[in-house]
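1. quick check, what structure comes out for this input:
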Amino acid sequence: MDQIVLIVLMIVVFYFFMIRPNMKKQKTLKKFREDLSVGDKVVTIGGIHGKVLSVDSMTVLVQSDNSKLRFDKSALLESAADIPQTK
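-> Next comes the predicted model:
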């Protein structure tokens, strides 16, 4: 009986410390990608900072300095507005 209680307790702890926060992060990232609009500043998974020029159903056109790059929405990591600016 003690072993069953210990296993159930381990599963509950694993859920609250590993699975639930990851699900919340994925939900936030999905909402960010759905709410993209022209003019937003973004950062890609590869670390490219840029400004959104156009948004399609699956892709985003990003301008970084003097170049324009098309990325899949899944390649966008976060909003550059959320990153603290350093000098």
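2. check which helix or strand covers L9.
-> In the assignment (DSSP states H and E), L9 maps to helix 2-14.
3. now do that helix: distance to the chain's middle.
-> Relative to its parent chain, helix 2-14 has a centroid offset of 31 Å by C-alpha atoms, centre = their mean, to the nearest Å.
4. any idea of the angle the helix or strand just after it forms with helix 2-14?
-> Downstream of helix 2-14, the next assigned helix or strand under DSSP H and E is helix 20-34. Counting by axes from the mean of the first three to the mean of the last three C-alpha atoms, to 10 degrees, helix 20-34 lies at 30 degrees to helix 2-14.
5. the helix or strand following helix 20-34 packs against which elements?
-> Later in the chain than helix 20-34, the nearest helix or strand by DSSP H and E is strand 41-44. On a contact count with 3 or more C-beta pairs under 8 Å, 6 or more residues apart in numbering; DSSP states H and E, strand 41-44 meets strand 49-55, strand 59-64, strand 76-79. Where you see a C-beta, it was placed from the backbone N, CA and C, and this is true even at glycine.
6. same thing but at 6 Å, please
-> When contacts are defined as 3 or more C-beta pairs under 6 Å, 6 or more residues apart in numbering; DSSP states H and E, strand 41-44 sits against strand 76-79.
7. got the domain boundaries for this structure?
-> Under the assignment automatic domain parsing, the domains of the chain span 1-35, 37-87.
8. please identify the buried residues of stretch 34-43?
-> D40, V42, V43 (16 or more other C-beta atoms under 10 Å).
9. and which of those residues is nearest to V62?
-> Nearest to V62, judged by C-beta to C-beta, of those is V42 at 6.5 Å.
10. which residue is the nearest non-sequential neighbour of that closest one?
-> Among residues not flanking V42 along the chain, L76 sits closest, at 5.2 Å (C-beta to C-beta, 6 or more residues apart in numbering).
11. please report how far the one you found lies from D2.
-> According to C-beta to C-beta, to the nearest Å, L76 stands 48 Å off from D2.
12. neighbour count winner among those two?
-> In this view L76 and D2 are compared by other C-beta atoms under 10 Å, and L76 has more residues nearby, 22 against 6.
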